[in-house]
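Asker: next input, structure requested:
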Amino acid sequence: MRRWPVVLSPGAAPVASRTRRCDEWREALRHDFVALDVAPDRRRGGAFTGAVHSATLAHLQVSRVSSVAQTCRRTRQLAGREDRRFLQVGMLSRGTAVLEQDGRRALLHPGHLALYETERPFTWTLGGSWELLVFTWPRDAIDLTAAESASATARRFDAGAGLGPVVAGVLHGLACGLPSLSAPGAVRVADEVGGLVGTLAGELVPPTPGGRAHADLRERVERYLDEHLADPELGPASVAAAHFVSTRQLHRLFAGSGESVTRRIRRARLDRARRELADPRLADTPVGEIARRNGFTEPAGFSRAFRAAFGVAPSAYRPRP
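Answerer: Got it, this is the predicted structure:
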């Protein structure tokens with residue numbers, strides 16, 4: 001996965017932007033997020049105020065945004081001018097908000113959260129004296145296909161039901177203060193939290209229906225697995241990428257079989273190695289070579305896996321002359 005530079009060290013104090021002018025506010029939002037058209041609600045009275053506090057944990061940016069009633073629009077023109085692509089989660093902590101994207105409209109109250117993407121138009125309509133917690137990942141860091149993402153944007157996630165409380169609790173904890181971690185630890189946490197968000201979003205996508213298309217995909221995947229058993233990098237991520245699906249979709253494809261993708265690969269490798277060990281024509285081929293061409297990089301690891309599966313060591317499985 002591509003990595004992005006760390007703007008602040010994990011645990012460092014957030015950078016704050018405060019303003020009493022709408023033009024400065026628009027620039028502050030562009031600096032911390034992406035370019036937006038901002039229109040304050042002219043019906044309200046009083047001076048304009050706004051504040052953004054942002055900090056980063058590896059490639060995850062955590063922001064606390066507050067201001068007065070307004071509408072923030074990411075137009076098609078603005079989206080088309082930028083190469084940066086982000087996936088964001090907004091969790092309302094004060095006020096009211098409506099998020100619109102991909103033909104849907106989510107009404108949020110405090111405690112609710114919703115997902116949106118910056119490469120397509122979206123609109124936030126924010127009411128009262130509001131505060132929004134915003135969590136931003138580079139789009140490529142989140143394991144969602146374009147179709148899955150487009151099905152999950154601008155939908156309200158209830159922080160009190162299903163996986164919502166778990167995700168909301170983790171996000172709220174990060175907003176209260178980022179932990180001080182090593183650089184590798186920060187990357188892992190950013191990835192894990194992004195994985196939770198991806199899982200939550202993926203649960204909104206209807207299961208892949210049965211039928212010919214489902215069966216054809218499963219058949220292609222099975223054939224691909226058998227053709228690439230020698231590749232030590234073969235795994236859910238590489239298989240999903242080769243078939244232009246997310247790893248979540250791939251796991252769903254195998255859900256009804258009672259066997260995970262990883263177990264399917266391991267079983268197929270061991271079965272093929274067992275057949276090769278029993279083949280008299282390969283009697284002179286070293287056990288280590290058979291292990292290697294079946295995707296096992298370490299002979300000792302292959303020996304343990306073979307013994308666990310078949311009850312004997314690989315060398316003992318070979319027919320005696």
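
Asker: quick one: mean pLDDT for the helix or strand hosting Ala55?
Answerer: In the assignment (DSSP states H and E), Ala55 maps to strand 50-57. Across strand 50-57, pLDDT averages out at 93.

Asker: then the helix or strand just after that strand to PDB, C-alphas only?
Answerer: Following strand 50-57 in sequence order, the next helix or strand is strand 60-67 (DSSP H and E). Only the C-alpha atoms of strand 60-67 are listed here, as PDB (Å, rounded to 0.1, in the frame of the first residue of the first chain):
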ATOM      1  CA  LEU A  60      -5.000   9.400   8.900                       C
ATOM      2  CA  GLN A  61      -5.900  13.000   9.700                       C
ATOM      3  CA  VAL A  62      -8.100  13.700  12.600                       C
ATOM      4  CA  SER A  63      -9.900  17.000  12.700                       C
ATOM      5  CA  ARG A  64     -12.300  18.900  15.000                       C
ATOM      6  CA  VAL A  65     -14.300  21.500  13.000                       C
ATOM      7  CA  SER A  66     -16.700  24.000  14.400                       C
ATOM      8  CA  SER A  67     -18.500  27.100  13.100                       C
END
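
Asker: who touches strand 60-67?
Answerer: For strand 60-67, the external contacting residues (CB atoms under 8 Å, 6 or more residues apart in numbering) are 7, 14, 25, 29, 32-33, 48-56, 94, 126, 129-137, 174-175, 178, 189-190, 193-194. Every C-beta, even on glycine, is put in place using the N, C-alpha and C of the backbone.

Asker: any idea of the angle that strand forms with strand 50-57?
Answerer: Interaxial angle of strand 60-67 relative to strand 50-57 (axes from the mean of the first three to the mean of the last three CA atoms, to 10 degrees): 170 degrees.

Asker: buried set for stretch 123-135?
Answerer: 123-126, 130-135 (16 or more other CB atoms under 10 Å).

Asker: how about stretch 148-164?
Answerer: 148-157, 159, 164.

Asker: also stretch 21-38?
Answerer: 22, 25-26, 28-29, 32-36, 38.

Asker: residue ranges with poor pLDDT in the stretch 1-150 of the chain?
Answerer: Residues of the stretch 1-150 of the chain meeting the criterion pLDDT under 70: 1-17.

Asker: about what we covered before: partner strands of the strand holding Ala55, with direction?
Answerer: Sheet pairing of strand 50-57 (DSSP bridges) gives strand 15-19 (antiparallel), strand 60-67 (antiparallel).

Asker: pick the most buried one from these.
Answerer: Highest mean neighbour count among those (mean count of other CB atoms under 10 Å): strand 60-67, with a mean of 22.

Asker: circling back to that earlier point, and the buried residues of stretch 123-135, which two are the farthest apart?
Answerer: Using CB to CB, the pair of the buried residues of stretch 123-135 lying farthest apart is Thr125 and Phe135, separated by 20.0 Å.

Asker: right, and the secondary structure at Val134 would be what?
Answerer: Using DSSP: H, G, I helix; E, B strand; the rest coil, the structure places Val134 in strand.
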